[in-house]
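Trainee: Structure of the sequence below:
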Amino acid sequence: MNHTYSGETIQFEIIYKNRSTIGIYLDVYGHIEVHAPKGIPDESVIRLLEDKWDVILQKSREMKDRLNGPQEKVYDHGEPFLYLGNSFPIQVLQNQEITKDHVLFDGKTLRIQVKELEDERIQQALKRFYYKQCKALVEKSIAVHQRHFKTKPRSTRITDSQTTWGTCDGRRQLTFNWKLSMAPRDVIDYVVVHEMCHMVHLNHDRSFWRLVGKIVPDYKEKEKWLALSSWKMTV
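Mentor: As a prediction, the model looks like this:
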């Protein structure tokens, strides 16, 4: 079934079941299913869809984008990049007077100054920016959450990992993935707390998760954000 509202058209399937409420579900491909009580008028289903229209469209697009995988970056003016959980456009400026390519964030735009307008230089400038921001964000989060722990990290490093967001070894040396600076602050805080909890419990046993949950009660929501968004955290 198709329905058009506010200039947008969505396709959905209604499945009637022995239930008392209407439920809206999206599969991994972004397809929409509506589970409705038997005998309910279609108008009631449509009304609920329209009430939740913006959320449904956003979730459907996110799932379809995720399925398509990360798109190749072109480093042109206006190209969006994630920072602290939001997408910001880049502005690329050539300045042959500078001593080092760099990025400045003004709250709305990632302003990139490079000596030469080359994609590799722009990419490397962005990576250095994310590394630097990640280091500062992680260290600030560690300082805030240190009150929950009797021991302190021995060292903190930012790395380029393809498999983990963070690690903690037996010597309390913490490492974090530079791409974390693309995540919201509360997600960064969760990863920091997760690794700090490994200073107390090196494995993922019940005691470990109890400690994590005590400090970050909604940690599963943070894990969900990372699972759904990691594909687009790229430079």
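Trainee: Most remote residue from the middle of the protein, which is it?
Mentor: Note on the chain: the largest C-alpha distance from the chain mean falls to Gly39, namely 40.5 Å (Cα atoms, centre = their mean).
Trainee: So that one: helix, strand or coil?
Mentor: coil (DSSP: H, G, I helix; E, B strand; the rest coil).
Trainee: Now do the same contact list for it.
Mentor: Applying Cβ atoms under 8 Å, 6 or more residues apart in numbering to Gly39 gives the contacts Tyr16. The C-beta positions use only the backbone N, C-alpha and C, and glycine is treated the same way.
Trainee: Could you measure from it over to Ile32?
Mentor: Gly39 sits at a distance of 21 Å from Ile32 (criterion: Cβ to Cβ, to the nearest Å).
Trainee: tally of neighbours for Leu137?
Mentor: Number of residues near Leu137 (other Cβ atoms under 10 Å) recorded here: 20.
Trainee: Tell me the bridge partners for Gly23.
Mentor: His35 (DSSP bridges).
Trainee: Let me see the confidence value for it.
Mentor: Gly23 is assigned a predicted lDDT (pLDDT) of 87.
Trainee: and it, how many neighbours?
Mentor: Count around Gly23 with other Cβ under 10 Å applied: 13.
Trainee: tell me the contacts of the closest residue to Lys127 other than its chain neighbours?
Mentor: Residue nearest to Lys127 in three dimensions, not counting chain neighbours: Val235, with 5.7 Å by Cβ to Cβ, 6 or more residues apart in numbering. Neighbouring residues of Val235 by Cβ under 8 Å, 6+ apart: Lys73, Phe81, Gln123, Leu126, Lys127, Tyr130.
Trainee: mind running it again at 10 Å?
Mentor: When contacts are counted by Cβ atoms under 10 Å, 6 or more residues apart in numbering, Val235 is found next to 73, 75, 81-82, 122-127, 129-130, 178-179, 182.
Trainee: Filter these down to the buried ones.
Mentor: The neighbour count (16 or more other Cβ atoms under 10 Å) marks Lys73, Tyr75, Phe81, Leu82, Ile122, Ala125, Leu126, Phe129, Tyr130, Trp178, Lys179, Met182 as buried among the contacts of Val235.
Trainee: Lowest-confidence entry in the contacts of Val235?
Mentor: Lowest model confidence among those falls on Lys73, which carries 82.
Trainee: does that residue count as helix, strand or coil?
Mentor: At Lys73 the chain is in coil, as set by three-state DSSP.
Trainee: Cys168 versus that one, what's the distance?
Mentor: Lys73 sits 31 Å away from Cys168 when distances are taken as Cβ to Cβ.
Trainee: go on, Glu33?
Mentor: Distance check for Glu33 against Cys168: by Cβ to Cβ, it reads 41 Å.
Trainee: So for those two, which sits in the more crowded spot?
Mentor: Taking other Cβ under 10 Å, Glu33 and Cys168 do not tie; Cys168 has more neighbours (21 against 14).
Trainee: in the sheet, who's paired with the more buried one?
Mentor: Leu174.
Trainee: what's the longest helix in the protein?
Mentor: Counting by DSSP state H, the longest helix found in the chain is helix 119-145.
Trainee: Who are the packing partners of that helix?
Mentor: In terms of contacts (3 or more Cβ pairs under 10 Å, 6 or more residues apart in numbering; DSSP states H and E), helix 119-145 is packed against strand 80-83, strand 86-94, strand 102-105, strand 110-114, strand 155-159, strand 173-177, helix 185-197.
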